[in-house]
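> here is a sequence with its predicted model. Questions after.
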Amino acid sequence: MTFPYVVQQGDTLYRIARRYRMNVTALLSANPQLQESGYIYPGQVIQIPVMPTSMYVIQAGDSFFEIARRFNIDLGDLQAANPGVDPRRLRIGQTIVLPISRGMKIVDTSNEYGFAELQEDLQLLQQRYPFLELGSIGTTVLGRPIPVVRIGTGPKEVHYNGSFHANEWITTSLLMNFLEEYAYSYANGIPLRGRDVRALFEQTSLWIVPMVNPDGVELVLQGASPDNPYYAQLIEWNFGSRNFSRWKANIRGVDLNDQFPANWEIERDRREVTGPGPRDYTGTAPLTEPEAAAMASFTEDHEFRLVVAFHTQGQEIYWNYRDMEPEESEAIADRFAQVSGYRAVKLNGSDAGYKDWFIQEFRRPGFTIEAGIGVNPLPVSQFRQIYDDVIGIMLEGLIV
């Protein structure tokens, strides 16, 4: 049994499945015509399967929280599925609905992760962990806020960022999963991978910009729709293809990690890309794009001890820039290599990146982590292995 649904602006298959408490496989089974298409479009009609629900009979001593914990159901999902039930007055023998749910964990790392998921999860995390500080460092070309979150109160400031490149959105999942695990460990006073989180919290303020390029990420996940103000140009810049899975740039076709004033002209000439496209176009000048300019201003407003930009892929750690890096950078890179199994690389022939600019301007340690291995976008099936590799770097960065 199914019912029709009209696709709305901003929808993806995963977002629709999540809204109706099912997985994408169930949605695709009801819509076999979508198997070959990478995207859905506003106005398209698809079928939503009616999912069976499970029932549970209240026992002595039950509470909604205990039931949610026992069945790994998000507490909000449990309450929403039982609108006529007062959780403060449960009765033995009463029957309630156990909905399909993503579980008590907020950040879902098993599926695509876009701007909509990021915004929702940040709000839910702050509700659960009020010590998190949320803000924005600026706005994108299309007016989306670029979120920033602070965890920790210590005088030492450290910065991590992800998704400079649109098809590297898995780096946002890595950072958000780390944020949730860190917050949970701090709130419950338990170690995280053997580290004393409460000591880290009091020593270091970690500022995370989990998604530098929201417009680009949404383009990769949703494709280009006719109501996008850059629709015609995007199709042209993408060589006539409507498949944007390989897109790295922002919505104006500028590579944000080639936008910083660190020998920008040399990088422009090296790239030899003369106009907007999926990757490697440096723009007409440094910091022309609001996302890059916001990152520069945000960085200038802080005294970061070190910065780490998470990219994919290659399992490598880049730590230098034209011999401007401090002497300790190589030793820190070696520590990162030890805890991750990645290779510390002294990189040459690369300019205009965020890490390059940070080292040049502040002469402090800056790093680019090329997480995972394969072809971007890396599949979510690799998430657990990648996360197990890089969490050591994330924790080590708070200590050095």
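Here it is on my side, so go on.
> secondary structure of residue 184: a helix, I assume?
Yes: counting by DSSP: H, G, I helix; E, B strand; the rest coil, residue 184 is found in a helix.
> who touches the closest residue to it other than its chain neighbours in this structure?
In space, residue 184 comes closest to residue 129 once its chain neighbours are excluded; the distance is 7.7 Å by Cβ to Cβ, 6 or more residues apart in numbering. For glycine as for every other residue, the C-beta is placed from the backbone atoms N, C-alpha and C. Going by Cβ atoms under 8 Å, 6 or more residues apart in numbering, residue 129 touches 183-184, 186-187.
> identify the farthest-apart pair in those residues.
The distance between the two most remote of the contacts of residue 129 (Cβ to Cβ) is 7.4 Å, for 184 and 186.
> need the contacts of residue 129 in a markdown table (columns: pLDDT, neighbour count and distance to residue 391).
As requested, these are exported to a markdown table (pLDDT from 0 to 100; neighbours: other Cβ atoms under 10 Å; distance: Cβ to Cβ, whole Å):
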| residue | pLDDT | neighbour count | distance to residue 391 |
| --- | --- | --- | --- |
| 183 | 97 | 22 | 14 |
| 184 | 94 | 17 | 13 |
| 186 | 96 | 20 | 15 |
| 187 | 94 | 14 | 18 |
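> show me which of these is closest to residue 100.
Nearest member of the contacts of residue 129 to residue 100, counting by Cβ to Cβ, is residue 184, at 23.2 Å.
> tell me how far the closest one lies from residue 134.
Distance from residue 184 to residue 134, counting by Cβ to Cβ, to the nearest Å: 17 Å.
> so residue 145 bridges to which residues?
For residue 145, the beta-bridge partners are residue 139 (DSSP bridges).
> what about residue 356, which SS state?
What three-state DSSP gives for residue 356 is helix.
> that one reaches residue 262, doesn't it?
Yes: between residue 356 and residue 262 there is a contact under Cβ atoms under 8 Å: 4.1 Å.
> show me the common contact partners of these two, please.
residue 321.
> distance from the chain centre to stretch 292-300, please.
19 Å (Cα atoms, centre = their mean, to the nearest Å).
> contacting residues around that stretch?
137-139, 146, 148, 159, 161, 209, 212, 256, 259-260, 286-287, 307, 354, 357-358.
> give me the more crowded residue out of residue 356 and residue 262.
residue 356 (28 against 23; other Cβ atoms under 10 Å).
> circling back: and the residue nearest to residue 184, its phi and psi?
phi -130, psi 80 (degrees, to the nearest 10).
> please apply the same query to the one 5 residues further on.
The phi/psi pair for residue 134 (degrees, to the nearest 10) reads phi -110, psi 150.
> which element is residue 175 on?
helix 170-188 (DSSP states H and E).
> how about residue 317?
Per DSSP H and E: strand 316-318 holds residue 317.
> following element in sequence after that strand, please.
According to DSSP H and E, the helix or strand after strand 316-318 is helix 328-340.
> any chance you could list what contacts that following helix?
Contacts for helix 328-340 (Cβ under 8 Å, 6+ apart): 306, 317, 319-320, 342-344, 346, 359, 365-367, 369, 389-390, 392-393, 395-397, 400.
> ditto for stretch 386-395
109, 160, 170, 174-175, 177-178, 181, 192-193, 195, 200, 308, 310, 312, 315, 317, 336, 339-342, 369, 371-372, 378.
> list the buried residues for the strand holding residue 317?
316-318 (16 or more other Cβ atoms under 10 Å).
> ok, those residues vs residue 125, which is closest?
Among these, and counting by Cβ to Cβ, the member closest to residue 125 is residue 317, at 27.8 Å.
> looking at it, the closest one is touching residue 347, isn't it?
No: using Cβ under 8 Å, residue 317 is not in contact with residue 347; the gap is 9.5 Å.
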